[in-house]
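Student: How does the following fold in three dimensions:
(2 chains)
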Protein chains: 2
Amino acid sequence: MTTPTTRITRLSEKQSTSRDELDKLLESTPLAIVALVRDGHPVIFPTGFARVGDELVIHGSTGSPWMRALSAGASAAVAVTSVDGVVLARSGFESSFRYRSAVIFGVFERVPDADKVEYLEQLTDSFIPGRAAELRASTRKELAATLPLRMPIADDNWSLKISGGWPEDPEEDNAGGAWAGLVPMSVTYGATLASPDLRPGIPLPASVRAMTGDAVSPIARCAGRDRCGSRCASSGSTTICAPSRAAASIALLAVSRFRAISPIDSGIWAQATRVVMSRW
Amino acid sequence: MTTPTTRITRLSEKQSTSRDELDKLLESTPLAIVALVRDGHPVIFPTGFARVGDELVIHGSTGSPWMRALSAGASAAVAVTSVDGVVLARSGFESSFRYRSAVIFGVFERVPDADKVEYLEQLTDSFIPGRAAELRASTRKELAATLPLRMPIADDNWSLKISGGWPEDPEEDNAGGAWAGLVPMSVTYGATLASPDLRPGIPLPASVRAMTGDAVSPIARCAGRDRCGSRCASSGSTTICAPSRAAASIALLAVSRFRAISPIDSGIWAQATRVVMSRW
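Tutor: Next up, the predicted model:
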């Protein structure tokens, strides 16, 4: 059995070898599709995932046959995909989508018991930034029922294909009367709905308000560490200033989440400035 | 080699056997993930798809090695997934997503040459309702380079899992202070962008205005065939009245597309009433 090549054969000019671009895609969606082989047949399932450093992390029930097959060393292929827009060309043939598509090949392994809590909290915080700290600790029974698995993201076990351009029609079509352009697509969070069994008087937590942009207090791009000092938090090219270091850290998580969820939306910073900081 | 079971083992109460629900999911997204086995290893790729009657249709380049493997009869598993919201429970363990997940097992076959044009136009119209009629016909060269494949959607080769509920926390957690509820997620179309090489004076076509809800003229729920006569078009439980039968047909496509794209959004009809009818 040979590990499949990560060299893209069709439209190979769209292959990206940028780990930064890969990480951006992995942070832009909670959804991974995992394929494995069972009895010679391909099987496939969707699951939530998180990137934790150089690992792709999923979890499921210890009773799941497919999770058990993965933890026993079954070869896997994982797809993470974002459809970013419809590209309307002047012919059906040239019409396409803007998309980002990652495929990671490898084998999952069980997260060691000693690290289970940390990995599961990273999963929770990946789906809902700041949520883990708002919740009670997991019980022993819950931990025993949960199987977190991790797959390395190495130098050579992933491919990334990015289609981010415009219609590429031949000259004779450009000269015609057909319209051409882009309809962007993005995933957005809607208005929060309380659970029907929620007891009265329990306020919306900061994590949820941060996700949905429910406004309370402004945050700001950092005016420079000289002026903001320890109230700044940084990640990559983004630095945020908030009334406390803890508040800035949550804001940073939220900002990266907004950016990830809406890669085309130019209003991300406006959303982020409406992020709520409960620890402020 | 045994075809995998379509009986869901984990959270089996979420399994749905409703073909209507399956079709709704298949119409809600253009994205399918296809898995097959190559040299004993699972491989996986994303692709646009359409449901055409009882078939799942994809297309690609005649030069694509994986498309060729599929057309040669490789067993395939196809995943179509919609993440509809984040379910915030009172513990990490009970937190989850609202989702709809379909998996279809089977073998693809080539669409016969005589039907190629029809299938490709169905694909285009699935991605952009009404677009095929706005575009020039495909050339022989384009058709020769394109490989449409179809897989039957039969009675017994698919599974559907729907998680559409609320947090299900144990009593002791319900009695605590943690918030619980739902943050809906949906895919939306953004503001249209013209191609940088678009010649001046070419208006936005009806198909694009219908996708993005750019308003021109109202349509209405049909008041009954008695009153609207041939100006009505129907699909399932939806009947639309418009100034012409052709206009009603386009509106119907657009309405089903809006509903599909935003399963949780209650403003779908409001969007649809803003659909543009160029043939009116």
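
Student: Now the nearest residue to A:F93 once chain neighbours are set aside: phi and psi?
Tutor: Nearest non-adjacent residue to A:F93, counting by CB to CB, 6 or more residues apart in numbering or on different chains: B:E142, 4.1 Å away. Yep, even glycine has a C-beta here, placed from its N, CA and C like the rest. Phi and psi for B:E142, reported as degrees, to the nearest 10, are phi -60, psi -40.

Student: Equivalent analysis for A:A72, please.
Tutor: phi -80, psi 0.

Student: who touches it in this structure?
Tutor: With contacts defined as CB atoms under 8 Å, 6 or more residues apart in numbering or on different chains, A:A72 is in contact with no residue.

Student: How much space separates it from A:L149?
Tutor: 11 Å (CB to CB, to the nearest Å).

Student: Tell me where the model's unsure across the stretch 101-250 of chain A.
Tutor: A:213-250 (pLDDT under 70).

Student: Tell me which stretches of chain A form strands.
Tutor: A:15-16, A:31-38, A:41-52, A:55-61, A:75-88, A:96-107, A:109-110, A:146-152, A:158-163, A:181-189, A:193-194, A:220-221, A:232-235, A:238-241 (DSSP state E).

Student: how about CSV for those strands, with mean neighbour count and distance to chain B added?
Tutor: Listed next are the strands of chain A as CSV, based on neighbours: other CB atoms under 10 Å in any protein chain shown; distance: least, CB to the nearest CB, whole Å:
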stretch, mean neighbour count, distance to chain B
strand A:15-16, 16, 13
strand A:31-38, 24, 4
strand A:41-52, 22, 4
strand A:55-61, 20, 6
strand A:75-88, 24, 4
strand A:96-107, 22, 5
strand A:109-110, 16, 17
strand A:146-152, 22, 7
strand A:158-163, 20, 9
strand A:181-189, 21, 4
strand A:193-194, 16, 4
strand A:220-221, 15, 24
strand A:232-235, 18, 22
strand A:238-241, 20, 22
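
Student: out of these, nearest to B:D156?
Tutor: strand A:41-52 (14.8 Å; CB to CB).

Student: Report the distance from the closest one to the chain centre.
Tutor: 13 Å (CA atoms, centre = their mean, to the nearest Å).

Student: Walk me through which strands it pairs with, and which way each runs.
Tutor: When pairs are called by DSSP bridges, strand A:41-52 turns out to pair with strand A:31-38 (antiparallel), strand A:55-61 (antiparallel).

Student: Make a markdown table from those strands and add distance to B:S18 to it.
Tutor: Listed next are the strands paired with strand A:41-52 as a markdown table, based on distance: least, CB to CB, whole Å:
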| stretch | distance to B:S18 |
| --- | --- |
| strand A:31-38 | 22 |
| strand A:55-61 | 25 |
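
Student: For these, give me TSV that also has mean pLDDT.
Tutor: Formatted as TSV, the strands paired with strand A:41-52 follow (pLDDT from 0 to 100):
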stretch	mean pLDDT
strand A:31-38	97
strand A:55-61	97
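
Student: so which of those gets nearest B:T5?
Tutor: Across the strands paired with strand A:41-52, closest to B:T5 is strand A:31-38 (CB to CB), at 9.6 Å.

Student: Let's see the closest one as PDB, backbone CA atoms only.
Tutor: C-alpha atoms of strand A:31-38 as PDB (Å, rounded to 0.1, in the frame of the first residue of the first chain):
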ATOM      1  CA  LEU A  31     -16.200  20.400   9.600                       C
ATOM      2  CA  ALA A  32     -13.900  17.700   8.400                       C
ATOM      3  CA  ILE A  33     -14.800  14.700   6.300                       C
ATOM      4  CA  VAL A  34     -12.900  11.500   7.100                       C
ATOM      5  CA  ALA A  35     -12.500   8.600   4.700                       C
ATOM      6  CA  LEU A  36     -11.200   5.100   5.500                       C
ATOM      7  CA  VAL A  37     -11.500   1.700   4.000                       C
ATOM      8  CA  ARG A  38     -13.700  -1.000   5.500                       C
END
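
Student: now the angle from it to strand B:75-88?
Tutor: 140 degrees (axes from the mean of the first three to the mean of the last three CA atoms, to 10 degrees).

Student: got a list of contacts for strand A:31-38?
Tutor: By CB under 8 Å, 6+ apart, strand A:31-38 touches A:42-49, A:56, A:58, A:66, A:69-70, A:74-81, B:4, B:33, B:35, B:37, B:40-44, B:77, B:79, B:81, B:83.

Student: go on, stretch A:167-186?
Tutor: With CB under 8 Å, 6+ apart as the criterion, stretch A:167-186 contacts A:83-91, A:94-95, A:98, A:166, A:261-265, B:134-136, B:187-195, B:197-199, B:202-205, B:208, B:211-212.

Student: buried set for that stretch?
Tutor: A:167, A:169, A:173-174, A:178-186 (16 or more other CB atoms under 10 Å in any protein chain shown).

Student: thinking again about what came up before, go ahead and build a ChimeraX selection from the buried members of the contacts of stretch A:167-186.
Tutor: Selection of buried members from these for ChimeraX, criterion 16+ other CB under 10 Å:
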select /A:83,84,85,86,87,88,89,90,91,94,95,98,166,261,262,263,264,265 /B:134,135,187,188,189,190,192,194,195,198,202,204,205,208,211,212
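
Student: my read: A:P30 touches A:D125, true?
Tutor: No. A:P30 lies out of contact with A:D125 (CB atoms under 8 Å); the separation is 11.5 Å.
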